[in-house]
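Novice: Sharing a model that was predicted from the sequence below.
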Amino acid sequence: MTDSSTTLVTVPPENAKDSIIKTGYLLKYKTMKRKFFVLRCGATGISTLEYYDSEKKFLSGSTSKRAIQLNCCFNINKKHDPKHKYMLALYTRNDCFCIVLENEQVQDEWLEALIQLQPNREYNKSVPAFGIYYFVLYNT
(Lines give C-alpha, C1' and ligand atoms only; values in the text may rest on other atoms or scores of the structure.)
Protein backbone atom coordinates (compact mmCIF):
# COMPACT_ATOMS: atom_id res chain seq x y z
CA MET A 1 0.00 0.00 0.00
CA THR A 2 1.51 3.28 -0.98
CA ASP A 3 -1.05 6.00 -0.33
CA SER A 4 -4.04 5.72 1.98
CA SER A 5 -4.24 9.35 2.99
CA THR A 6 -7.08 11.65 2.10
CA THR A 7 -6.79 13.02 -1.40
CA LEU A 8 -8.65 15.71 -3.26
CA VAL A 9 -10.48 14.28 -6.23
CA THR A 10 -12.66 15.58 -9.02
CA VAL A 11 -16.23 14.43 -8.47
CA PRO A 12 -17.87 12.67 -11.41
CA PRO A 13 -20.88 14.68 -12.72
CA GLU A 14 -23.55 12.10 -11.82
CA ASN A 15 -22.41 12.17 -8.17
CA ALA A 16 -21.96 15.94 -7.93
CA LYS A 17 -24.76 16.23 -5.33
CA ASP A 18 -22.83 14.04 -2.92
CA SER A 19 -20.14 15.42 -0.67
CA ILE A 20 -16.93 13.38 -0.59
CA ILE A 21 -15.52 13.27 2.92
CA LYS A 22 -12.51 10.99 2.57
CA THR A 23 -10.80 8.92 -0.12
CA GLY A 24 -7.81 6.66 -0.26
CA TYR A 25 -6.31 3.30 -1.09
CA LEU A 26 -6.94 0.64 1.56
CA LEU A 27 -6.88 -3.15 1.62
CA LYS A 28 -10.06 -5.18 1.54
CA TYR A 29 -9.60 -7.81 4.26
CA LYS A 30 -11.16 -10.85 2.57
CA THR A 31 -9.03 -10.64 -0.56
CA MET A 32 -6.18 -8.45 0.75
CA LYS A 33 -6.36 -6.53 -2.51
CA ARG A 34 -5.79 -2.80 -2.73
CA LYS A 35 -8.99 -0.89 -3.49
CA PHE A 36 -9.86 2.79 -3.77
CA PHE A 37 -12.32 3.71 -0.99
CA VAL A 38 -14.65 6.71 -1.03
CA LEU A 39 -16.58 7.90 2.00
CA ARG A 40 -19.40 10.20 0.97
CA CYS A 41 -22.29 11.99 2.59
CA GLY A 42 -25.23 11.82 0.23
CA ALA A 43 -27.57 14.67 -0.62
CA THR A 44 -30.38 12.64 0.96
CA GLY A 45 -28.45 12.37 4.22
CA ILE A 46 -27.51 8.71 3.72
CA SER A 47 -23.75 8.29 3.97
CA THR A 48 -21.97 5.46 2.17
CA LEU A 49 -18.60 3.79 2.08
CA GLU A 50 -17.86 2.66 -1.47
CA TYR A 51 -14.91 0.97 -3.06
CA TYR A 52 -13.61 0.78 -6.60
CA ASP A 53 -10.83 -1.19 -8.24
CA SER A 54 -8.87 2.02 -8.76
CA GLU A 55 -9.06 5.79 -8.51
CA LYS A 56 -9.18 5.89 -12.31
CA LYS A 57 -12.40 3.85 -12.35
CA PHE A 58 -13.91 6.15 -9.73
CA LEU A 59 -13.01 9.27 -11.70
CA SER A 60 -14.37 7.78 -14.92
CA GLY A 61 -17.79 7.42 -13.29
CA SER A 62 -17.87 3.62 -13.06
CA THR A 63 -20.22 2.07 -10.55
CA SER A 64 -18.67 1.01 -7.28
CA LYS A 65 -17.84 -2.63 -6.58
CA ARG A 66 -19.75 -2.29 -3.32
CA ALA A 67 -21.47 0.46 -1.38
CA ILE A 68 -22.22 0.11 2.33
CA GLN A 69 -24.80 2.51 3.70
CA LEU A 70 -23.70 3.66 7.14
CA ASN A 71 -27.28 3.80 8.39
CA CYS A 72 -27.32 -0.02 8.00
CA CYS A 73 -24.25 -0.42 10.22
CA PHE A 74 -25.10 -1.08 13.83
CA ASN A 75 -21.45 -0.92 14.86
CA ILE A 76 -18.22 0.47 13.44
CA ASN A 77 -15.02 -0.13 15.37
CA LYS A 78 -11.41 -1.24 15.41
CA LYS A 79 -10.89 -4.95 14.97
CA HIS A 80 -7.97 -6.88 16.36
CA ASP A 81 -6.36 -9.52 14.20
CA PRO A 82 -3.08 -11.37 14.81
CA LYS A 83 -1.82 -10.77 11.26
CA HIS A 84 -3.08 -7.23 10.70
CA LYS A 85 -2.61 -4.71 13.46
CA TYR A 86 -4.72 -1.88 12.00
CA MET A 87 -8.21 -2.92 10.91
CA LEU A 88 -11.70 -1.47 10.93
CA ALA A 89 -14.92 -3.48 10.92
CA LEU A 90 -18.34 -2.33 9.77
CA TYR A 91 -21.06 -4.59 11.16
CA THR A 92 -24.40 -4.85 9.42
CA ARG A 93 -27.26 -7.23 10.08
CA ASN A 94 -25.91 -9.82 7.62
CA ASP A 95 -22.21 -9.09 7.27
CA CYS A 96 -19.01 -7.86 8.79
CA PHE A 97 -16.99 -5.85 6.27
CA CYS A 98 -13.34 -5.31 7.25
CA ILE A 99 -10.64 -3.07 5.85
CA VAL A 100 -6.93 -3.06 6.63
CA LEU A 101 -5.09 0.23 7.10
CA GLU A 102 -1.37 0.89 7.08
CA ASN A 103 -0.92 2.64 10.44
CA GLU A 104 -2.72 3.80 13.57
CA GLN A 105 -3.08 7.42 12.44
CA VAL A 106 -4.86 6.42 9.22
CA GLN A 107 -7.00 3.96 11.18
CA ASP A 108 -8.07 6.67 13.64
CA GLU A 109 -8.83 9.15 10.83
CA TRP A 110 -11.06 6.71 8.96
CA LEU A 111 -12.76 5.52 12.15
CA GLU A 112 -13.54 9.08 13.24
CA ALA A 113 -14.90 9.98 9.78
CA LEU A 114 -17.09 6.85 9.65
CA ILE A 115 -18.48 7.36 13.15
CA GLN A 116 -19.20 11.05 12.48
CA LEU A 117 -21.35 10.07 9.49
CA GLN A 118 -23.13 7.19 11.19
CA PRO A 119 -26.72 8.31 11.93
CA ASN A 120 -27.02 6.85 15.46
CA ARG A 121 -23.67 8.06 16.75
CA GLU A 122 -25.08 10.41 19.37
CA TYR A 123 -27.21 7.64 20.83
CA ASN A 124 -25.23 4.90 22.59
CA LYS A 125 -22.20 5.35 20.33
CA SER A 126 -23.11 2.97 17.49
CA VAL A 127 -24.92 0.40 19.63
CA PRO A 128 -28.14 -0.88 18.06
CA ALA A 129 -31.41 -0.02 19.79
CA PHE A 130 -33.01 -3.23 20.98
CA GLY A 131 -36.66 -3.41 22.01
CA ILE A 132 -36.19 -5.74 24.97
CA TYR A 133 -33.68 -5.40 27.78
CA TYR A 134 -32.90 -8.11 30.32
CA PHE A 135 -31.35 -7.36 33.66
CA VAL A 136 -29.45 -10.18 35.26
CA LEU A 137 -28.94 -10.14 39.01
CA TYR A 138 -26.73 -12.59 40.73
CA ASN A 139 -25.42 -13.06 44.23
CA THR A 140 -21.76 -13.63 44.95
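Specialist: Here it is on my side, so go on.
Novice: separation between the most centrally placed residue in the chain and Tyr91?
Specialist: When C-alpha atoms, centre = their mean is applied to the chain, the residue found nearest the centroid is Leu49 (5.0 Å). Distance, Leu49 to Tyr91, using C-beta to C-beta, to the nearest Å: 13 Å. Backbone N, C-alpha and C define where each C-beta goes, glycine included.
Novice: do His80 as well
Specialist: His80 sits 14 Å away from Tyr91, taking C-beta to C-beta as the criterion.
Novice: Those two - which one has more neighbours?
Specialist: A count of neighbours by other C-beta atoms under 10 Å puts Tyr91 above the other of His80 and Tyr91, at 18 against 10.
Novice: give the contact list for that one.
Specialist: 73-76 (C-beta atoms under 8 Å, 6 or more residues apart in numbering).
Novice: pLDDT wise, what is it at?
Specialist: Tyr91 carries a pLDDT score of 92 in this model.
Novice: repeat for the one 3 residues further on
Specialist: What the model reports as pLDDT for Asn94 is 89.
Novice: got a pLDDT number for Gln107?
Specialist: On pLDDT, Gln107 comes in at 95.
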